[in-house]
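>>> Predicted model and sequence follow; I will ask about them next.
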Amino acid sequence: GEDVEQSLFLSVREGDSSVINCTYTDSSSTYLYWYKQEPGAGLQLLTYIFSNMDMKQDQRLTVLLNKKDKHLSLRIADTQTGDSAIYFCAESIISSGSARQLTFGSGTQLTVLP
Amino acid sequence: NAGVTQTPKFRVLKTGQSMTLLCAQDMNHEYMYWYRQDPGMGLRLIHYSVGEGTTAKGEVPDGYNVSRLKKQNFLLGLESAAPSQTSVYFCASSSQGVEQYFGPGTRLTVT
């Protein structure tokens, strides 16, 4: 079965790098995602990586995937107070008709201290 | 282009009452999804649809029904609400199944 795990909390100083980690169990996952949720809001898709890639960089965001260890990480460079939010890791499997079912972790609350 | 919208934003129900949550998307997406989010947990998939007129069960479908009569709308129904259905409900849509875009959520309380 699928299970996605994340640490619950992370605090960093403004200007430092943040690294949020995630482990997943389903080896058939094809895509892995990072979503951001601010208080009272929906989930915002930050980035995703295909399972045959090791790394993806998008401006301040770097995603690293270790498929052997089923470990995914999100690095945010030069973390700002506006980055304070809950970050969800998710894996996807293909269900009927190519619809992808996402399995989410419980989220990591990132707090950026001034 | 409003993206994914959800109606209502908040609702309080008594046990046994029924209601329908509406999700609308203006991106011409084929796939639509309903999730629930409980405190300290990630989102769990309730039902999803791969196109107009189709629906399928997700991880936690019991107590819910859905309909997709029009491509742009996906309705989630609770026929007899229970306190265990107190949650925040999110709708999402996707064009090819890879990127899912979420609505702002509906906060439902069942007393």
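Yes, it's here.
>>> Hmm, B:G77 and B:S18 touching each other?
Yes: using C-beta atoms under 8 Å, B:S18 is in contact with B:G77, at 7.0 Å. For every residue, glycine as well, the C-beta is placed using N, CA and C.
>>> So these two - more neighbours on which side?
A count of neighbours by other C-beta atoms under 10 Å in any protein chain shown puts B:G77 above the other of B:S18 and B:G77, at 14 against 10.
>>> show me the residues around that one that make contact.
B:G77 makes contacts with B:S18, B:M19, B:T20, B:L21, B:Y64, B:N65, B:V66, B:S67, as judged by C-beta atoms under 8 Å, 6 or more residues apart in numbering or on different chains.
>>> and the fourth one, helix, strand or coil?
Secondary structure state of B:L21, per DSSP: H, G, I helix; E, B strand; the rest coil, is strand.
>>> State the distance from the nearest residue to it once chain neighbours are set aside to chain A.
Among residues not flanking B:L21 along the chain, B:L76 sits closest, at 4.4 Å (C-beta to C-beta, 6 or more residues apart in numbering or on different chains). Between B:L76 and chain A the computed distance is 15 Å (C-beta to the nearest C-beta, to the nearest Å).
>>> ok, what's across the strand from B:L76?
For B:L76, the beta-bridge partners are B:L21, B:V66 (DSSP bridges).
>>> was I right about it contacting B:Y64?
Yes: the pair B:L76 / B:Y64 is scored as a contact, 6.0 Å apart, by C-beta under 8 Å.
>>> In terms of neighbours, single out the busier of those two.
A direct count of neighbours by other C-beta under 10 Å for B:L76 and B:Y64 places B:L76 higher, at 22 against 19.
>>> Residues contacting the lowest-mean-pLDDT helix or strand in chain A, please?
For chain A, counting by mean pLDDT, DSSP states H and E, strand A:100-104 ranks last in confidence among helices and strands (a mean of 85). Defining contact as C-beta under 8 Å, 6+ apart, one finds that strand A:100-104 is touched by A:2-4, A:24, A:26, A:30-31, A:33, A:35, A:88-95, B:31, B:42-45, B:48, B:58-59, B:94, B:97-98, B:100.
>>> Quick check, pLDDT for B:Q72.
Model confidence at B:Q72, given as pLDDT, is 97.
>>> who's in contact with it?
B:A24, B:Q25, B:D26, B:N28 are the contacts of B:Q72 under C-beta under 8 Å, 6+ apart.
>>> out of those residues, which one sits closest to chain A?
B:Q25 (12.5 Å; C-beta to the nearest C-beta).
>>> pretty sure that closest one is touching B:M32, no?
Yes: using C-beta under 8 Å, B:Q25 is in contact with B:M32, at 6.8 Å.
>>> Common neighbours of those two, please.
The contact sets of B:Q25 and B:M32 overlap at B:F74, B:C91, B:S93 (C-beta under 8 Å, 6+ apart).
>>> Now do the phi/psi pair for the second one.
With angles defined as degrees, to the nearest 10, B:C91 shows backbone torsions of phi -100, psi 150.
>>> what number of residues lie near A:G105?
Residues within reach of A:G105, counting by other C-beta under 10 Å, total 26.
>>> what stretches of chain A score poorly on pLDDT?
For chain A, the stretches with pLDDT under 70 are A:1-2, A:94-99.
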